[in-house]
Structure formats: C-alpha cells, structure tokens
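[1] the sequence and its predicted three-dimensional model are supplied below.
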Amino acid sequence: MTSLNNCLSAIGVAMNEELTRLLPIASGPESRLQEAMRYSTLDGGKRLRPFFVLQTAQLFNVAEQSALRVAAAIELVHCYSLVHDDLPAMDDDDLRRGRPTCHKAFDEATAILAGDALLTKAFEVLAAPPTHSDPRVRADLVLALAEAAGDHGMVGGQMVDLRAAELEMDVAAVTRLQNLKTGCLFNFSCEAGAILGKAPAKLRQALRAYAHDVGLAFQIADDILDVEGDPDQVGKGLRKDAEAGKATFVSLLGIERARSQADMLWRQAAGHLDVFDEKADLLREAARFIVERKL
Ligand code: GRG
C-alpha cells in the first residue's frame, strides 16, 4: 500500500469515529432520521474532502480536533448532496457506495429529511466553540462553506445540471457546471486548512489554484469512469450521462483528449504546491490518484 492509501484508510477510520460522535441517536421517534443520517455518512466513500481539509490543516500546524471537525462538516455536506442527488426527483439512483441509496434503504421522505439535517448539522459543527477558539475563524468557515454549497456553488451547479439538456453545453459550459457542482466543495476543503491556520494570502491562493485544477481533473476522471468503469468496483450506477444524452468532457472531447486534459491538470495542480515543502507530498500524490482512480 502506498502512503496515500494508508493515509486515506486512517482518515476513513477517523471520520467514522468523528461522525459517530457528532451523530448520536436519540431515544424518541426521531431516531429513524438519525439512523438514516448515520447510514448515509458512516462506512463509505473515499473521504477525499476530509483528506484535503486534514492535509491542508497540517501545513499550518492546526490542532487535530479543529481539523477533524471541519473535515466532518464538509463530509456531512457532501453526503447530504449525495442523498438528495440520488432521490427520484433528481438522478433516481438505487445504489450508492455499493449499498442501496438512502431512500431505498429507508423511504423518500426520510431521505429528504436526512439530507436537510446533515446540511444543518455541518453548520452546527462549524459554528460550535470546539471547532476553533477564535469566533472569527468559525464565522469565516461558516461563510466559506455556505458560499461553496449554496446557489452560487454546489446547489447552483445542480440546477444547471438539471437544465443541461435544454442548454447548449460546450466545453466552457460543462467546465463552469462542474466547477460549481463539484469544484466549490473541493475549494472549500483545500482552503479550510488555511482558514483554520490563518495562513497568508499567497499560500491561501496556492491552495485555491491547486483545488481548482484537482477539482476539474476529478470531474474529467469521473466522466471517464462513467464510460469505462466497472459498476461493481465504483459502487454506483454508471453510463447514466450517456443514456440521458448529457454533454460531458468525454462526449465533447473524446476519451483520449479527456485523458490527456486530466493528466495535464493533475501535474499543474501539483505544481501549485511548489511553495510548500515535503509536508505537501500527499497532496501532490492525491492529485495523481484522483485521475488514476478506479472508483
Ligand atoms: C442535490 C443539493 C444537491 C446537490 C447535488 C455534488 C452533487 C450536487 C451531487 C452528487 C452527485 C454527483 C455525481 C456529483 C458529481 C461529483 C461526484 C462524482 C461526487 C461523488 O464524489 P466522490 O467520488 O464520492 O468523492 P465518495 O462516495 O467517494 O465520497
């Protein structure tokens, strides 16, 4: 196993522990909601966004508890987006992370509520004092995540995606859509360490540039996986974009150009980290992993 694989496994364990702590089950009838929240967040996923938070936080010697709570907050938002994206009104998927989607395992109304509560929980976690002793840092985190996840970010991107069939989608339009839908949460994840560590503007900008290129490379790789991936390995439904006639990087560029674009982007992403020493090595390795992954 590479050091990146080891690190991702360790983060998987740490995230499970943190999320279990943050998502207690009450004794009343609302426990069904909390079961659905746990079902949708524990024991699954690559935990890439927590990885970015924890690794960028390490660059600025941020306390572990702070970094773990912010990592959990971004994963809560990511998981809510997956639960809602899988609903019949959106992508109508049966499989997520190799298991029945939340609305299949529970029911549609519970899945909607679980998504709502996961989103709300993320902001509760960021705003609470144990996340950082400085209330301004906590307010900055809340603002940055709200901007990344809302109508000017991920949810806005989802709206564009739902309307994509009625729009002329060229490479620039698909790039914008993906930056909103996926890139904004990646940006938050990479910048969160800098916010927690009150990093200077130049270093914050380097992380933003890294996140931008990594986010785009991730999405191109995702489009390639949608065409070439093994559904059993990926753990979710594939070929849906092609079936829906949606423009993707692969449909617009062809598989070979898409691959070389992703290759160029991960190298460029790693280059943005030249301002950091070997503490950023795993972030450099992750840029490549994101493009070469099979799940
Ligand atoms: C419904 C509010 C709302 C937003 C939906 C991000 C998003 C917007 C939907 C998720 C569905 C999707 C296919 C998004 C594209 C980005 C993507 C491939 C997400 C999956 O991320 P991974 O691969 O998943 O990091 P794991 O399971 O590893 O965490």
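    On my side now, so go ahead.

[2] how confident is the prediction for the closest residue to the ligand within the stretch 1-150 of the chain, by pLDDT?
    Using Cβ to the nearest ligand atom, the closest approach of the stretch 1-150 of the chain to the ligand is made by Gly45 at 3.0 Å. Placement of C-beta: from N, CA and C, glycine included. Reported pLDDT at Gly45 in the predicted model: 95.

[3] can you count the residues close to the nearest residue to it once chain neighbours are set aside?
    Computed as Cβ to Cβ, 6 or more residues apart in numbering, the closest residue to Gly45 that is not its neighbour in sequence is Arg97, at 5.7 Å. Using other Cβ atoms under 10 Å, Arg97 is surrounded by 17 other residues.

[4] ok, Asn61 next?
    9.

[5] so it versus Glu285, what's the distance?
    In this structure, Asn61 and Glu285 are 21 Å apart, going by Cβ to Cβ, to the nearest Å.

[6] and the residue of the stretch 1-150 of the chain closest to the ligand, its phi and psi?
    phi 90, psi 160 (degrees, to the nearest 10).

[7] quick one: contacts for it?
    Glu75, His78, Cys79, Arg97 (Cβ atoms under 8 Å, 6 or more residues apart in numbering).

[8] filter those down to the buried ones and express that as a PyMOL selection.
    Entered in PyMOL, the line below selects the buried ones among the contacts of Gly45, by 16 or more other Cβ atoms under 10 Å:
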select buried, resi 75+78+79+97
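
[9] any idea which element Leu33 lies in?
    In the assignment (DSSP states H and E), Leu33 maps to helix 31-41.

[10] which residues are contacting that helix?
    Contacts of helix 31-41 (Cβ under 8 Å, 6+ apart): 19-20, 23-26, 75-76, 79-80, 82-83, 102, 105-106, 110-111, 113-115, 117-118, 121.

[11] least trustworthy helix or strand in this protein by mean pLDDT?
    helix 231-234 (a mean of 68; mean pLDDT, DSSP states H and E).

[12] for whatever helix or strand comes next after that helix, which positions count as buried?
    Using DSSP H and E, the helix or strand that follows helix 231-234 in sequence is helix 240-243. Of the residues in helix 240-243, Asp241 count as buried by neighbour count, 16+ other Cβ under 10 Å.
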